[in-house]
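In: no sequence on this one, just coordinates:
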């Protein structure tokens, strides 16, 4: 019998993969200025330090690193992450920290633990594509929460909770992907309170928190969590290396146990070698100076991009984030960023059309610009070129 | 509202984690001789080689290794795995190889791609606990296929296919966990033919294949796969390091595409650093000599264990595998390996009661013995002690 797509699980049949990843081959073209990706800058990846820490980790604990490890994670890393997130106001015991293969896995394990088909998840709209795709694989129904320039509007969240009885809220509170918007302090408190009052799990996905180039850091939503309804998703992809795939879920012990059980059958445990390297990065106090250094470069790049909007016609609006990797922009209503994308790629400049980030589609005038992958002068050239095409 | 277990997904509520992992804390007791685990021997983990290859990988490709990688895997590793599995008679193109975080993840992604709740999976009974747990998280119904000392009986498999219309067959063909049994050549051909004739995906989980201490290697079931219904699950956990979490799925391109989509939302991609290290292990021809060396030690340990049955009373039966990590034994019908386990642990020797490996329970007289974690003289002491307790 010939192999047939009929064998696929129902919810997997319509999922065809990331729309963004499908255009990525265009971006490798010589001369292309890409504002499309979301990768950290190559300069931010410190090969020498990783190499030295890799040696040190193996010299200290080689046999343990190469042997099967605990599903719960490399014990020293659980400690050092618990210490690290104190910066965000989070008081967690090491046993409330689950190191995973990137924060995407933290979300996936959370969905596995709690989502029955048809359960509702409230999310910002637009939001992170990888999260939406994960939600679809568990047959969740995604409903949008209204947002403004300070992030999710708590009154709208409460209304949505009453209307939809969601199992989960998914929120990226700091320098959101794709908009760059940061949730205000008061709203952080309000959302933690809503999660606890209504018994809704709040997944706080916070990979960009430490990429702040101006303004004051805000405490995590998790820091206001009284009853254990907030799950904090931490990531070292934007701080140390995405290729190492180290992130963490921080949550109450009852939920932790279920995430661990899900992880047992998913991949047994997180790669110990990279866990040990990230632990040494933290334990030896190498991470904060590294973050300080990369933030200086990213600030120059962000400034160049924001400045570059002077080349855009009036009527194009954009966010002005104080950190992260993205700026969000909108053409005047009625114009299409999808057709702009085609013309842009022909002219060797690329971005991501915003419609892809909306669970319900539409919003074809919006687009996302990433500034971490080109030096400031190239960003200026790219913005000038793009502005000329609008 | 207090956090409550009510939030958990229905199929996750009854899953309480590996019964084996729960007794593992007992095994750390001083003086304990453990035949309970399934870990490779510490001697088989070559820290120096890994350390040297880690340096080399970062020196050659540091920026690429630390950056986001392709969900499809580290391209050089896909090539070198395609080359490596030729040993098993498998002709695969690099793009038919998906590196993953251990073969457990290969199984998990396969289940995610094809299982609807209630779908039937045929499996050996007893079989690998981690596979059973993964199947339960997807609400699959597991049905046993009859086996004998040559593995799955093809006539029984065909009967089960006609009776249950399974989506999947899950088979560990070589030095099976837990029994140590190896599927014969004729039966490998027959099962590949059945999978293709009836359109049933056959997951061939083959982590022990290269741990052969006697006899002739057999081609993989996958080598007889004409229509692409066999998925080969490869693992480097028993050959290089389980802590590195590198395995692979090898399958047809249509299924590959769906596994990749599932992996995108599960953990984006496999840790590039460990993929690059395994690639160099293979590419520099370091793996085969390493396997040869570890097989010599494992053979001595297996021989010591098989010899140790002389201390057991008549009526205890056992398998005599030519490789792998496990020997399977049975007390005379009516006796309980569960109560033997309690007495054994009191006397500082441990094993795993066999009932845990049966999807339907029962078979309380059976037990699994692992020989890879003690030197030959300790194995003799342990077998003598255990024999004396029966």
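Out: Everything's here; your move. Predicted model only: the values in this text are computed from it and were never measured.

In: How about residues contacting stretch A:329-349?
Out: A:23, A:26, A:29, A:31-35, A:309, A:312, A:315-319, A:350-351, A:353-355, A:364-369, A:382, A:385-386, A:389-390 (CB atoms under 8 Å, 6 or more residues apart in numbering or on different chains). (Glycine included, C-beta is placed from N, CA and C.)

In: mind redoing it with 7 Å?
Out: Contact partners of stretch A:329-349, identified using CB atoms under 7 Å, 6 or more residues apart in numbering or on different chains, comprise A:26, A:29, A:31-33, A:315-318, A:350-351, A:353-355, A:364-367, A:369, A:382, A:385-386, A:389-390.

In: Up against chain B, what does the stretch 101-250 of chain A have?
Out: Counting by CB under 7 Å from any CB of the partner chain, the residues of the stretch 101-250 of chain A close to chain B are A:101-102, A:104-105, A:108, A:112-116, A:130, A:133-134, A:137, A:167, A:196-199, A:201, A:227-229, A:241-245.

In: Select only the buried ones of these in PyMOL?
Out: Buried residues among these (16 or more other CB atoms under 10 Å in any protein chain shown), as a PyMOL selection:
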select buried, chain A and resi 101+102+104+105+108+112+113+114+115+130+133+134+137+167+196+198+199+201+228+229+241+242+243+244+245
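
In: So which of the residues of the stretch 101-250 of chain A next to chain B are in helices?
Out: Of these, the ones assigned to helices by DSSP state H are A:104-105, A:108, A:112-114, A:130, A:133-134, A:137, A:196-198.

In: Am I right that residue A:27 is in contact with residue A:34?
Out: Yes - in this structure, residue A:27 is within contact of residue A:34 by CB atoms under 7 Å, at 4.5 Å.

In: anything in contact with each of these two?
Out: Joint contacts of residue A:27 and residue A:34 (CB under 7 Å, 6+ apart) are residue A:350.

In: Can you pull out the low-pLDDT segments for chain A?
Out: Low-confidence segments of chain A (pLDDT under 70): A:18-23.

In: Which residue of residue A:27 and residue A:34 possesses the greater neighbour count?
Out: Neighbour count, other CB atoms under 10 Å in any protein chain shown: between residue A:27 and residue A:34, residue A:34 has more, with 22 against 15.

In: Can you classify the residue most central in space within chain A by secondary structure?
Out: In chain A, the C-alpha nearest the mean C-alpha coordinate belongs to residue A:207, at 5.1 Å (CA atoms, centre = their mean). Assigned with DSSP: H, G, I helix; E, B strand; the rest coil, residue A:207 falls in the coil class.

In: Ramachandran coordinates for it?
Out: phi -70, psi -20 (degrees, to the nearest 10).

In: what sits against it?
Out: Going by CB under 7 Å, 6+ apart, the list of residues near residue A:207 reads A:103, A:235, A:237, A:238.

In: which bits of the stretch 251-390 of chain A sit near chain B?
Out: A:252, A:254-255, A:258, A:261-262, A:264-268, A:271-274.

In: For residue B:265, see how far away the nearest residue to residue A:14 once chain neighbours are set aside is.
Out: Distance criterion CB to CB, 6 or more residues apart in numbering or on different chains; nearest residue to residue A:14, sequence neighbours excluded, is residue A:136 at 7.9 Å. Distance of residue A:136 to residue B:265, given as CB to CB, to the nearest Å: 8 Å.

In: do residue A:250 as well
Out: Taken as CB to CB, the span from residue A:250 to residue B:265 is 21 Å.

In: And residue A:304, by the same measure?
Out: For residue A:304, the distance to residue B:265 equals 33 Å [CB to CB].

In: now the helices: where do they sit in chain A?
Out: A:19-23, A:47-66, A:75-84, A:103-114, A:129-137, A:154-164, A:185-198, A:253-267, A:272-283, A:287-308, A:337-346, A:376-389.

In: looking at those helices, which is closest to residue B:217?
Out: Judged by CB to CB, the one of the helices of chain A that comes nearest to residue B:217 is helix A:47-66, at 25.4 Å.

In: for that closest one, packing partners?
Out: helix A:272-283, helix B:47-66 (3 or more CB pairs under 7 Å, 6 or more residues apart in numbering or on different chains; DSSP states H and E).

In: Residue A:256 is in contact with residue A:96, correct?
Out: Yes - counting by CB under 7 Å, residue A:256 is a contact partner of residue A:96 at 6.2 Å.

In: so what's in contact with those two at the same time?
Out: Joint contacts of residue A:96 and residue A:256 (CB under 7 Å, 6+ apart) do not exist.

In: that older thread, in JSON lines, list the helices of chain A along with distance to residue B:142.
Out: Below are the helices of chain A laid out as JSON lines (distance: least, CB to CB, whole Å):
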{"stretch": "helix A:19-23", "distance to residue B:142": "35"}
{"stretch": "helix A:47-66", "distance to residue B:142": "32"}
{"stretch": "helix A:75-84", "distance to residue B:142": "34"}
{"stretch": "helix A:103-114", "distance to residue B:142": "19"}
{"stretch": "helix A:129-137", "distance to residue B:142": "22"}
{"stretch": "helix A:154-164", "distance to residue B:142": "35"}
{"stretch": "helix A:185-198", "distance to residue B:142": "37"}
{"stretch": "helix A:253-267", "distance to residue B:142": "13"}
{"stretch": "helix A:272-283", "distance to residue B:142": "31"}
{"stretch": "helix A:287-308", "distance to residue B:142": "45"}
{"stretch": "helix A:337-346", "distance to residue B:142": "47"}
{"stretch": "helix A:376-389", "distance to residue B:142": "55"}
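
In: Out of those, flag the one nearest residue B:55.
Out: With CB to CB, the closest approach to residue B:55 among the helices of chain A belongs to helix A:47-66: 6.2 Å.

In: which parts of that closest one are buried?
Out: Neighbour-count burial for helix A:47-66, counted by 16+ other CB under 10 Å, picks out A:47, A:49-54, A:57-58, A:61-62, A:64-66.

In: How about the stretch 51-200 of chain A: which residue is closest to chain B?
Out: Per CB to the nearest CB, residue A:62 is where the stretch 51-200 of chain A lies closest to chain B, at 3.3 Å.

In: Tell me which residues touch that residue, please.
Out: Neighbouring residues of residue A:62 by CB under 7 Å, 6+ apart: residue B:47.

In: likewise residue A:182?
Out: Residue A:182 makes contact with A:151, A:173, A:174, A:175, A:322 under the criterion CB under 7 Å, 6+ apart.

In: Residue A:118 is in contact with residue A:138, isn't it?
Out: No - the criterion here is CB under 7 Å, and residue A:118 misses it with residue A:138 at 10.0 Å.
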